[in-house]
Structures are given as C-alpha cells and as structure tokens.
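Participant: no letters, just coordinates:
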C-alpha cells in the first residue's frame with residue numbers, strides 16, 4: 001500500500017509550501033529591510049502552493065526545482081550561521097518534504113504496473 005495514495009501528495013506538498021512561506025516570513029520578517037528576502041524566498045513558495053491548489057500540472061516540478069535551492073540555502077546557513085541554525089534546519093526538512101511530495105506522481109508513473117497493449 002502506498003504511503004501517499006490518491007492526491008494526498010498534493011496536500012502534503014501544499015502544507016510544506018505553506019509552512020515554508022510561514023518560516024520565511026518569520027525568519028526574515030525581523031530584518032531591517034525584509035522585502036528582498038521575502039520576495040526571493042516566501043513569494044515563490046506561496047505562489048507554488050496556490051498553483052498546486054489550482055491544479056497547475058507543472059507546479060510540482062517547479063516546487064521541486066525551487067526546493068533544491070531552498071535545501072542548499074538551508075545547508076549553507078546551518079553550516080555558517082549558528083544563531084540561524086534552527087530556521088535553517090527547518091528549511092532543510094521542509095525542502096526535503098517538498099522534493100519527496102513533488103516526486104510522488106512521477107514515481108507512481110514509473111513504477112506502476114503497466115497493462116500490455118491489446119492484441120499482444
């Protein structure tokens with residue numbers, strides 16, 4: 001039995017993207033000039049969450065692509081800035097959840113049992 005059956009992967013993906021948006025708003029909101037960081041980090045996560053909810057087929061792909069950048073950013077910050085390590089660790093975990101959830105449809109298609117063509 002699959003862990004994420006049906007469209008449960010969409011709910012997980014949306015929840016992770018919304019959590020990332022909240023994390024970025026909390027993390028960068030206290031900066032003297034947070035707008036650039038919010039625009040670069042929080043806005044794409046929120047836009048992708050809305051795109052997944054609206055059923056845009058490429059939203060999962062783009063969420064996975066952005067998650068690779070978020071993951072890399074989290075690793076870099078966790079390694080270099082100790083006061084921000086908790087935020088960075090949360091970013092790493094949520095980015096991994098996004099990559100996993102966005103990969104579910106492709107993995108289902110790749111590993112599902114195929115029916116032989118008629119007449120074979």
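Facilitator: That came through fine. Just so it is clear, the model here is predicted, and its values are computed rather than measured.
Participant: quick check: pLDDT value at the residue nearest to the spatial centre of the chain.
Facilitator: The chain has residue 98 as the residue nearest its centroid, 2.8 Å off, counting by C-alpha atoms, centre = their mean. Note for residue 98: predicted pLDDT of 96.
Participant: quick one: list the elements packing against the lowest-mean-pLDDT helix or strand in the chain.
Facilitator: Across the helices and strands of the chain, mean pLDDT, DSSP states H and E gives its lowest value to helix 35-37, namely a mean of 89. Counting contacts by 3 or more C-beta pairs under 8 Å, 6 or more residues apart in numbering; DSSP states H and E, helix 35-37 packs against no other helix or strand. The C-beta positions use only the backbone N, C-alpha and C, and glycine is treated the same way.
Participant: list the buried residues for the lengthiest helix in the chain?
Facilitator: As assigned by DSSP state H, the longest helix anywhere in the chain is helix 85-111. Within helix 85-111, the residues that count as buried by 16 or more other C-beta atoms under 10 Å are 87-88, 90-92, 94-95, 97-105.
Participant: state the distance from the closest residue to residue 37 other than its chain neighbours to residue 66.
Facilitator: Distance criterion C-beta to C-beta, 6 or more residues apart in numbering; nearest residue to residue 37, sequence neighbours excluded, is residue 28 at 3.9 Å. Remark: distance between residue 28 and residue 66 (C-beta to C-beta, to the nearest Å) = 16 Å.
Participant: follow-up on the earlier one: and the residue nearest to the centre of the chain, what does it touch?
Facilitator: Residue 98 is in contact with 13, 16, 17, 20, 63, 64, 66, 67, 70, counting by C-beta atoms under 8 Å, 6 or more residues apart in numbering.
Participant: for the third one, give me its contacts.
Facilitator: Contacts for residue 17 were tallied using C-beta under 8 Å, 6+ apart; they are 45, 46, 48, 49, 52, 63, 98.
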